[in-house]
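Trainee: sequence-free structure coming up:
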């Protein structure tokens, strides 16, 4: 795998993976880490790390955000070192379900500035290959207006993974897009101390 750019002021890429059950979230985390670190249907927030091109990459796999048993304290603690990207995993060729609620929850928990770091990670890219379509062609289809809305809410940022094919290129391309987001925003997303103290009362209506 070729090296990604590094900066002494930003030595680590930190990625939060969110998504509904069976969206390919944990599998995508395993693809990024190139090892089977995460299990589907985890009940706790888990973290794995790897080195890519001499740079540290941390991946945080979050359970269903709308699960009333989710530990917000644990999630906030895992993300307190900052986030380079919030990846919402969305399976292609499946109807959109509660993805917009998940994005709303993240904004409620971390604050509206976190939206600048949102990106859609479409999973099951192999379905597109079977259809002989690009992701751009797929999104333009009239039946996929719901996917178009999600992409718009994430600032037009998206990537596509085939978790059956462990390709270095798809990982490298994703990390380059994430670094582009950090350059646009000039830094990682860091939750303010006040919001860390008050997050529970702000988001209790989602439980």
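Mentor: On my side now, so go ahead. Please read all numbers here as calculations on a predicted model, not as lab measurements.
Trainee: quick one: average confidence on the host helix or strand of residue 126?
Mentor: Using DSSP states H and E, residue 126 falls within helix 125-131. Averaging pLDDT along helix 125-131 gives 72.
Trainee: and if you look at stretch 159-166?
Mentor: Computed over stretch 159-166, the mean pLDDT rounds to 86.
Trainee: for that stretch, buried residues please.
Mentor: 159-163 (16 or more other Cβ atoms under 10 Å). (Glycine included, C-beta is placed from N, CA and C.)
Trainee: what sits against the residue nearest the centre of the chain?
Mentor: Nearest to the mean C-alpha position of the chain, by Cα atoms, centre = their mean, lies residue 87 at 1.3 Å. By Cβ atoms under 8 Å, 6 or more residues apart in numbering, residue 87 lies in contact with 15-18, 28, 119-121, 159.
Trainee: so of these, which ones are in helices?
Mentor: Judged by DSSP state H, these include residue 28 as members of helices.
Trainee: among the contacts of residue 87, which one has the most neighbours?
Mentor: residue 121 (27 neighbours; other Cβ atoms under 10 Å).
Trainee: next, the closest residue to it other than its chain neighbours: secondary structure please.
Mentor: Of all residues not flanking residue 121 in the chain, residue 87 sits nearest, at 4.3 Å (Cβ to Cβ, 6 or more residues apart in numbering). Assigned with DSSP: H, G, I helix; E, B strand; the rest coil, residue 87 falls in the strand class.
Trainee: bridging residues for residue 87?
Mentor: Note on residue 87: beta-bridge partners by DSSP bridges are residue 17, residue 119.
Trainee: need the pLDDT of it.
Mentor: Reported pLDDT for residue 87: 98.
Trainee: mind listing the helices for this protein?
Mentor: So, for the chain - with DSSP H - the helices run 25-33, 72-79, 99-110, 125-131, 135-140, 145-153, 168-185, 193-203.
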